[in-house]
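Asks: Predicted coordinates and the sequence they were generated for:
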Amino acid sequence: MVVPESQEKMYYPPVELQRNAHVPDFNSYLVMYKKSLENPEAFWREVADEFFWKKPATGPMLQHNFDMTKGNIFVNCMEGAKTNMCYNVLDRHVKEGKLGEKVAYYWEGNSPDHHMTITYRQLLSHVCRCANVLKQMGVKRGDRVSIYLPMIPELIVTMLACARIGAVHSIVFAGFSSESLCERIMDAQSSVLVTADGVYRGEKLINLKQISDEALEKCREKGSSGVTTCLVIKHQAQRTRTGTSCNKLQTPWESERDVWWDEVMRDSPDECEPEWMDAEDPLFILYTSGSTGKPKGVVHTVAGYLLYTSLTFRYVFDHHPDDVYWCTADIGWITGHSYITYGPLANGATSVLFEGLPVHPHVGRFWEIIEKYKVTKFYTAPTAIRLLMKYGQEPLRKYDLSSLRILGTVGEPINPEAWRWYHEVVGQGRCPVVDTFWQTETGGHVLTPLPAATPLKPGSATFPFFGVEPAILNEHGEELEGVTEGYLVFRKPWPGIMRTIYKNQELFENTYFRKFPGFYVTGDGCRRDKDGYYWITGRIDDMLNVSGHLMSTAEVEAALMLHQSVSEAAVVSRPHKVKGECLYCFVTLKDSKEFNCKLVEDLKRLVREKIGPIATPDFIQNAPALPKTRSGKIMRRILRQIARNEKDLGDLSTLADPKVVEVLFNQRSEAA
Ligand code: WTA
């Protein structure tokens, strides 16, 4: 790795940030990175030392096999150690760290009228009561608990209660359908489901209990009656509108199975001895979509995940005790698990927990919340940034954003346009943007800048985090050096990497380790530039091969988005007689912009100018909206099928709004 030298504009860390930072300059990063690879044992032991271990490890910090030809794939962290996640993220702060009265979360509801503050001591008390409730329901160490909740404090209480008694939580994003919920409950074989009566998402009321009932009914039809108890939280929005005894929703009820949260929590004791878990016991299962369509239950374990989420949170957001941190993700996704719950709590941080939408009840909601809580570190997704960009600078001007110090993004490659807007308009040119690349499977950030250390290039996730050793391979598994592009893989584990796919070790090995023995395969393409910076080019299946040239959809999309009329773009391939594949582009225009021949010609020229004639799009189609998953990822598989006019779209259950697809098919003929 070389110290960056480049012709393109680099963004250097602000000196004020460097003064007090954990990793204050690029050289410190290099020294620590080297140490983390040369002596992982010492590096991770030091990290482990600040946590509580009921029993110390008898084995090394990390052991592994990544080579299928040599036996089973495994990763083992701190063999022999006993600990408890919940104790480390709560009791340790309250009892040892004197942080009992510190705010753990400022909860901000869908409606600005709903908010509350929860201290570490209060959180611990709620968690213990919930842990006793779960025990009372017969949940034991190792049992799975499915959780289908909106972004309310009880979601965090329930996940930590599971961790306290050694139960394995399986959180299902509360935007998933009953079918998806059923599938995940059945796979995890949960005995308890925790849900809420309902939730407002913007103006829309969603009857979660009814969806839960449908899911449990489907489980029953499929021959599983595993869930014996359904614990139901009355959402605050329901209480304040209609009182506690009757609520606006007609909550369907099965008295044999359903229990109101309030009723059982009221009398539950607020002390509960933590269950002392083995380092490698599972902490949670989180489902992620698989290429075959069936979701994979990614398993993370106690000790390694604690070390890794804690350390990445501290360094990547340069955490300090007086920070107010806000991650806008939903806890239903890995970003919420690692960087709303576990990472921040392990550091004794104060976070904002936000239930609502960026544009409800007005398009300045994010900025209003930043001002209200004086947020210092803000972490969101490129899709949210692009959405808010559409409304221009006006909504931001009304609020004081001067508390912000560091901005972060995650989830997809960020186009340099959006990066610059984030940096200049939101961060007022003052805040480094940490573009964090990682996956459900990696547990925490793996390629990421450190805000006070890494000179930034818009669109690059820059360099590996401590302990992470990336490599770029070609199709034949040969390692490529220097400036290059190919498959992004990792040579070694770090403590927070997934351990297996729940009940399917074989699928785990085949998915991540078969293609290139000895490496964990991310499934992402990656480029390394002359300064050693890593640039994620998108999923390998999003790679395009036009006339023998490999190019990434992200690259073409970034070019299209440079046009002032375009708010979002998605590019897929379509078979082409001469070129092999050609580019088919979907563009969403900003309000009041018109799709016409002149625009199409302008866009083609723009891409040609930015990337080269080889990248000239063959088709550009108007897309009033793009098909997205509920977490906001563009579903390129569907776009590819629209581009190819393939009507049989298969499973659309992960799509946020299925109507979008029909509209795109109807407008297809106008593509030019
Ligand atoms: C993509 C989300 C580019 C990538 C934490 C990865 C990114 C997938 C970035 C994992 C980033 C995530 N730049 N691409 N900073 N972050 N991705 O499991 O394709 O929901 O493989 O985890 O998102 O998505 P997942």
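Replies: Thanks, I have it. Model, not experiment: these values are computed from the prediction.

Asks: Would you enumerate the residues in contact with the closest residue to the ligand within the stretch 351-500 of the chain?
Replies: Closest residue of the stretch 351-500 of the chain to the ligand, CB to the nearest ligand atom: T440 (3.4 Å). Just so you know, the C-beta spots here come from the backbone N, C-alpha and C atoms, and that holds for glycine as well. Contact analysis of T440 by CB atoms under 8 Å, 6 or more residues apart in numbering lists 286, 288, 298, 333-334, 498.

Asks: Over to S190?
Replies: Neighbours of S190 in contact, by CB under 8 Å, 6+ apart: 143-146, 170, 226-227.

Asks: Out of those residues, the closest to G343 would be?
Replies: Distances from G343 to these, taken as CB to CB, are shortest for S170 (19.6 Å).

Asks: Check which strands are paired with the helix or strand in which that closest one is found and give the direction for each one.
Replies: If you go by DSSP states H and E, S170 is part of strand 168-171. When pairing is defined by DSSP bridges, strand 168-171 lines up against strand 144-148 (parallel), strand 282-288 (parallel).

Asks: C-terminal to that strand, which secondary structure element comes first?
Replies: Next along from strand 168-171, by DSSP H and E: helix 178-188.

Asks: Does anything pack onto that following helix? Which helices or strands?
Replies: strand 144-148, strand 168-171, helix 208-221, strand 282-288, strand 296-301 (3 or more CB pairs under 8 Å, 6 or more residues apart in numbering; DSSP states H and E).

Asks: Quick one, which of the ones you listed gets closest to the ligand.
Replies: The nearest among those, by CB to the nearest ligand atom, is strand 282-288 at 5.1 Å.

Asks: Just want the angle from that closest one to helix 178-188.
Replies: Between strand 282-288 and helix 178-188, the angle comes out at 140 degrees (axes from the mean of the first three to the mean of the last three CA atoms, to 10 degrees).

Asks: Hey, what's the angle from strand 282-288 to strand 296-301? Just curious.
Replies: 150 degrees.

Asks: Same question for strand 282-288: list its buried residues.
Replies: In terms of neighbour count (16 or more other CB atoms under 10 Å), strand 282-288 has its buried residues at 282-287.

Asks: do that strand and the ligand meet at all?
Replies: Yes: on the criterion CB under 6 Å from any ligand atom, strand 282-288 is in touch with the ligand at T288.

Asks: Pull up the residues of the stretch 501-650 of the chain that are close to the ligand.
Replies: 522-524, 536, 539.

Asks: and the two most separated of the residues you listed?
Replies: G523 and I536 (10.9 Å).

Asks: Looking at the two, which is more packed in?
Replies: I536 (22 against 17; other CB atoms under 10 Å).

Asks: so the more buried one, which of the three states?
Replies: Using DSSP: H, G, I helix; E, B strand; the rest coil, the structure places I536 in strand.

Asks: Quick check: beta-bridge partners of it?
Replies: C526.

Asks: And V227, how close does it get to the ligand?
Replies: Going from V227 to the ligand by CB to the nearest ligand atom, to the nearest Å gives 26 Å.

Asks: mind listing what that residue touches?
Replies: 146, 185, 190-193, 216, 219, 257.

Asks: Out of these, the closest to L134 would be?
Replies: Checking these one by one against L134 (CB to CB), the nearest turns out to be V192, at 6.8 Å.

Asks: Show the model's pLDDT score for the closest one.
Replies: Listed pLDDT for V192 reads 98.

Asks: Neighbours of it, how many?
Replies: 25.

Asks: these two touch, right, it and Q136?
Replies: No: using CB atoms under 8 Å, V192 is not in contact with Q136, being 10.8 Å away.

Asks: that older thread, pull out the buried residues from the strand holding S170.
Replies: Those buried within strand 168-171 under the rule 16+ other CB under 10 Å are 168-171.

Asks: The residue located most distally from the centre of the chain and D618: what is the separation?
Replies: Distance from the centre of the chain peaks at V578, with 39.4 Å (CA atoms, centre = their mean). With the distance defined as CB to CB, to the nearest Å, V578 ends up 11 Å from D618.

Asks: Next: P455.
Replies: 38 Å.

Asks: likewise H22?
Replies: From H22 across to D618, the span is 49 Å (CB to CB).

Asks: Can you report how many residues lie near E256?
Replies: When counting by other CB under 10 Å, one arrives at 7 neighbours for E256.

Asks: average pLDDT for stretch 534-543?
Replies: Mean predicted confidence for stretch 534-543 is 77.

Asks: now that stretch, how far from the centre of its chain.
Replies: With CA atoms, centre = their mean, to the nearest Å as the basis, stretch 534-543 stands 17 Å off its chain's centre.

Asks: Dump it to CSV, restricted to CA.
Replies: In CSV, the C-alpha atoms belonging to stretch 534-543 read as follows (Å, rounded to 0.1, in the frame of the first residue of the first chain):
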residue,chain,number,x,y,z
TYR,A,534,-10.3,0.3,-3.4
TRP,A,535,-13.4,1.2,-5.5
ILE,A,536,-16.4,-1.2,-5.2
THR,A,537,-17.8,-1.5,-8.7
GLY,A,538,-21.0,-3.3,-7.6
ARG,A,539,-22.0,-6.9,-7.4
ILE,A,540,-20.3,-9.2,-9.8
ASP,A,541,-23.6,-10.0,-11.3
ASP,A,542,-24.0,-6.3,-12.1
MET,A,543,-20.8,-6.4,-14.2
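
Asks: Other residues contacting it?
Replies: So stretch 534-543 is contacted by 291, 412-413, 437, 447, 459-464, 470, 485, 487-488, 523-529, 550-555, 572, 636 (CB under 8 Å, 6+ apart).

Asks: quick one, phi psi at S111?
Replies: phi -90, psi 140 (degrees, to the nearest 10).

Asks: That one against G356, yeah?
Replies: Yes: with contacts counted by CB under 8 Å, S111 reaches G356, the gap being 7.5 Å.

Asks: before we move on, back to that, just send the helices and strands packed on helix 178-188 back as a markdown table, with distance to E50 and mean pLDDT too.
Replies: Converted to a markdown table, the helices and strands packed on helix 178-188 look like this (distance: least, CB to CB, whole Å; pLDDT from 0 to 100):
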| stretch | distance to E50 | mean pLDDT |
| --- | --- | --- |
| strand 144-148 | 29 | 98 |
| strand 168-171 | 24 | 98 |
| helix 208-221 | 38 | 95 |
| strand 282-288 | 19 | 95 |
| strand 296-301 | 19 | 96 |
